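Engineer: any chance you could fold what I've pasted below:
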Amino acid sequence: MEMIVDFPGGARVDAHFGSYTVSTDQPPAGGGEGSAPTPFATFLASLGTCAGIYVLGFCRQRGLDTTGIKLVQRIKSNPFSGMLSDVEIEIQVPADFPEKYYSALVRSAEQCAVKKHMENPPQFNVHTALVNG
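Structural biologist: Numbering: from 1, shown residues only. So this is what the prediction gives:
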């Protein structure tokens with residue numbers, strides 16, 4: 001998969017892939033307009049939404065109603081490095097959700113591909129290339 005990242009103005013940075021565009025910006029305090037989430041907030045959202053798609057899939061496969069289910073993601077950072085130290089994803093279910101599925105619901109969320117990639121990170125190769133033209 002190839003993504004094209006460009007700079008549409010101000011502190012905005014957009015990623016284009018397939019027919020999609022993911023827009024990001026910085027908050028006003030960071031020199032942006034706050035018109036879109038920051039790249040890091042978009043990354044964090046990918047964790048929660050990825051876990052969510054697995055929860056949704058689990059429920060759909062079993063014909064379970066997803067009304068009232070939500071995931072609450074909480075992030076803790078190391079105060080010295082500013083790096084993530086803990087990511088908690090709480091799956092909130094309504095009172096009528098079958099208790100026998102609680103642990104299986106957690107196991108389904110733990111299958112999140114974004115989480116798995118963070119647990120086994122890829123190698124990064126960042127370089128400069130000249131554009132012909």
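Engineer: rest of the way, CA atoms for contacts and neighbours
Structural biologist: Noted.
Engineer: what's the helix or strand bottoming out on mean pLDDT in the chain packed up against?
Structural biologist: None of the helices or strands of the chain scores lower by mean pLDDT, DSSP states H and E than helix 113-119, at a mean of 93. In terms of contacts (3 or more CA pairs under 8 Å, 6 or more residues apart in numbering; DSSP states H and E), helix 113-119 is packed against helix 39-62.
Engineer: residues in contact with the helix it packs on?
Structural biologist: 24-25, 65-66, 71-73, 89, 105-106, 108-115 (CA atoms under 8 Å, 6 or more residues apart in numbering).
Engineer: restrict it to CA atoms and write it as PDB.
Structural biologist: The C-alpha atoms that make up helix 39-62 are tabulated as PDB, following Å, rounded to 0.1, in the frame of the first residue of the first chain:
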ATOM      1  CA  PRO A  39      -1.500  13.000  13.600                       C
ATOM      2  CA  PHE A  40      -0.900  11.500  17.100                       C
ATOM      3  CA  ALA A  41      -4.600  11.800  18.000                       C
ATOM      4  CA  THR A  42      -5.400  10.000  14.700                       C
ATOM      5  CA  PHE A  43      -3.000   7.300  15.600                       C
ATOM      6  CA  LEU A  44      -4.600   6.900  19.000                       C
ATOM      7  CA  ALA A  45      -8.100   6.800  17.400                       C
ATOM      8  CA  SER A  46      -6.900   4.000  15.100                       C
ATOM      9  CA  LEU A  47      -6.300   1.800  18.300                       C
ATOM     10  CA  GLY A  48      -9.800   2.300  19.600                       C
ATOM     11  CA  THR A  49     -11.600   2.000  16.300                       C
ATOM     12  CA  CYS A  50      -9.600  -1.100  15.400                       C
ATOM     13  CA  ALA A  51     -10.600  -2.800  18.700                       C
ATOM     14  CA  GLY A  52     -14.100  -1.600  18.000                       C
ATOM     15  CA  ILE A  53     -14.300  -3.200  14.600                       C
ATOM     16  CA  TYR A  54     -13.300  -6.600  16.200                       C
ATOM     17  CA  VAL A  55     -16.000  -6.100  18.900                       C
ATOM     18  CA  LEU A  56     -18.500  -5.200  16.200                       C
ATOM     19  CA  GLY A  57     -17.600  -8.300  14.200                       C
ATOM     20  CA  PHE A  58     -17.900 -10.500  17.300                       C
ATOM     21  CA  CYS A  59     -21.300  -9.200  18.000                       C
ATOM     22  CA  ARG A  60     -22.500  -9.500  14.400                       C
ATOM     23  CA  GLN A  61     -21.300 -13.100  14.100                       C
ATOM     24  CA  ARG A  62     -23.400 -14.000  17.100                       C
END
